[in-house]
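Colleague: requesting a structural model of the entry that follows:
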Amino acid sequence: MEGILKETSQREKRKATSSVTISDDNEDMEETQVRNAKARSVKEGKKKATSSVHPFFIKGINDPSQPTIKSAMQTKKRIHYVDLAIAMWFYDACIPMCNIGFLVGQKNVVQIVTNKAANYKLAGNILCERYTSITWSPYAAHCLNLVLKDVSILDNVKILVTLASRVTIFVYNHKWHLNWLRKRVGWTEIVRPSATRFGTAFIALESLYHHKADLQAMVISTEFKKMLKVGNVVECKEIVLNENFWKNCLITVKVMTPLLRLLRLCDSDEKPALGYIYEGMHRVRRRVKELFMKKKELYKPYTNIIHRRWDRMLRKSIHCAAYLLNQVFQYDRENLCSKREIFQCVLHMVEKNFSGSDIIDLTMSLGKFRDSEGTFGRPGAIASRTSTHTGNL
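Modeller: From the prediction side, this is the model:
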C-alpha cells in the first residue's frame, strides 16, 4: 500500500514540473517575439523618408545650368509682378496714388513713366501739379510703336507689306520651294511678321530684301518652271522679278531702320534710354529728309506722323535736358542740335528741382561741362565720352 502511494506522489510531482517548464518556455517565446517586434519598429523608424520634391541643385552648388539670382529676379515679368503687388497694396490699404510723394519722398522722384491711358494721364498730371519737381511721361517704346503703326497704314507701305507677305506665305506653304531655298549657301530663315507687333512688319521687309538674290534665282530656275500650274506661282514670280517692289522695300527699310533701333534701345534693360530719346527722334527726322532729297511731297507723310506723336507724347523738358547733358552728344559738335528750346528745357528742369544759390551754381557748372573745364577735362572723363555710346541710330 505504501508503495502505491509513493508512485502516485512521484507522478504528480513530474506533472507539476513539466507544466512549469512548458509555461516558462511559452513566456520566453512571447518575450522574444516582443523584442523582435520592437527591433523591427526601430529599424523601420530609422528609414529615410522619401520626398517627391525635385532638388534645385541637380549637380551641386556649382551647377552651371541653374539660373543666377539676378537673372531670375530682374526679369520684366518679375518686375511687373512687383509693380502689381505694390499697386494692389495701395488699393487694399485705401491709399490714393497721389500720396506716393509722401511715402517715397518728393526729392527722390524725378520722373514717373506710365501707360498713356486716360486714367494714367490724369493721375500723372495731378501728381505734377501737386509736386512741381516731378515729370510725368508715357512709355517711349509705346510712342515709337504707335509711330510704326501709323506708318504701316500708309497706302504705299500697306500695299508693300501685303505683297511681301504673299511671297513669304507662298514660300513656307510649299515644301519644294522651301527645300530648294534651304539648300542655298548661307541661307537663313525669312522673318515672318506678327499680327500684334507693328515693328515686325518692317523687320520682315528687311529680311525679305536680304533674300532678294535667292528668291530671284529660284523663280528663274528650270525646276520652278515645272511648278507653274501650282496656285499663286505666277503672282509670286511677278512680285519677285519686279524691281520697283525691291526698290520700295529698300526705301521703306532705310526710313524705318533708325526708328527700329531706337525702339530696341528703349525696350531693352541694358542701360537707361532717357538720354538717347531726343537724339534718336531728331536723327530719324533728319534721316528721312535726306533719304527723300528734302522733297516735301515725299517726306512729309512720314515726318508728320513723327511730329504728331512726338509733340503729343514725348516732347518733354526732361528728354531735352537728358540729351544736352549726355556727353556722347554734347561733345559731338558737328551733329549737336543747337535749337534754343534745348537749353531752355535744361534751365526749366533746373528751376523745377532747385532754388536760390543752387541754380547759379548749376548754371556755372553747365558752362564748365560745355567747355570741358575742371574735372570734365580730365583724361578719364574724356575717355568715357565714347565708351558709353550705344551705337549709331
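Colleague: now do the helices in the stretch 251-393 of the chain.
Modeller: Remark: helices assigned in the stretch 251-393 of the chain by DSSP state H, counting those that start in this stretch are 277-291, 296-309, 317-324, 327-330, 340-353, 357-371, 379-387.
Colleague: tell me which of these sits nearest to residue 254.
Modeller: For residue 254, the closest of the helices of the stretch 251-393 of the chain is helix 277-291, at 5.7 Å, according to C-beta to C-beta. Heads up, the C-betas are built off the backbone N, CA and C, glycines and all.
Colleague: residues contacting that closest one, please?
Modeller: Outside helix 277-291, the residues within contact range by C-beta atoms under 8 Å, 6 or more residues apart in numbering are 140, 251, 254-255, 258-259, 261-262, 265-266, 299, 302-303, 306-307, 310, 314, 319-320, 322-323, 326, 329, 337, 342, 393.
Colleague: among the residues you listed, name the buried ones.
Modeller: Taking 16 or more other C-beta atoms under 10 Å as the criterion, what is buried in the contacts of helix 277-291 is 140, 251, 255, 258-259, 261-262, 265-266, 299, 302-303, 306, 310, 314, 319-320, 322-323, 326, 329, 342, 393.
Colleague: now residue 136. Its backbone dihedrals?
Modeller: With angles defined as degrees, to the nearest 10, residue 136 sits at phi -110, psi 140.
Colleague: thought residue 126 was touching it, still the case?
Modeller: No - Residue 136 lies out of contact with residue 126 (C-beta atoms under 8 Å); the separation is 9.3 Å.
Colleague: so for those two, which sits in the more crowded spot?
Modeller: residue 136 (18 against 14; other C-beta atoms under 10 Å).
Colleague: gap between the more buried one and residue 130?
Modeller: 11 Å (C-beta to C-beta, to the nearest Å).
Colleague: repeat for residue 233
Modeller: Residue 233 sits 66 Å away from residue 130, going by C-beta to C-beta.
Colleague: those two - which one has more neighbours?
Modeller: More crowded of residue 233 and residue 130, by other C-beta under 10 Å: residue 233, with 17 against 12.
Colleague: for this protein, what spans make up the strands?
Modeller: All strands of the chain, identified by DSSP state E, fall at 111-114, 135-138.
Colleague: and the first one, how far from the chain's centre?
Modeller: Same thing as strand 111-114. How far strand 111-114 lies from its chain's middle: 18 Å, per C-alpha atoms, centre = their mean, to the nearest Å.
Colleague: so of the strands of the chain, which one's packed in deepest?
Modeller: Of all these, strand 135-138 has the most neighbours on average by mean count of other C-beta atoms under 10 Å, namely a mean of 20.
Colleague: same for it, what does it pack against?
Modeller: Contact analysis of strand 135-138 by 3 or more C-beta pairs under 8 Å, 6 or more residues apart in numbering; DSSP states H and E lists strand 111-114, helix 118-130, helix 317-324 as its packing neighbours.
Colleague: number of residues surrounding residue 207?
Modeller: Counted by other C-beta under 10 Å, the residues lying close to residue 207 total 19.
Colleague: next one: residue 236 from residue 208, what distance?
Modeller: Residue 236 sits 12 Å away from residue 208, going by C-beta to C-beta.
Colleague: mutual contacts of those two, please.
Modeller: Residues within reach of residue 236 and of residue 208 at once, by C-beta under 8 Å, 6+ apart, are residue 167.
Colleague: before we move on, back to that, can you lay out the strands of the chain as a markdown table showing distance to residue 274 and mean pLDDT?
Modeller: Listed next are those as a markdown table, based on distance: least, C-beta to C-beta, whole Å; pLDDT from 0 to 100:
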| stretch | distance to residue 274 | mean pLDDT |
| --- | --- | --- |
| strand 111-114 | 8 | 82 |
| strand 135-138 | 9 | 86 |
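Colleague: good, we can wrap up now.
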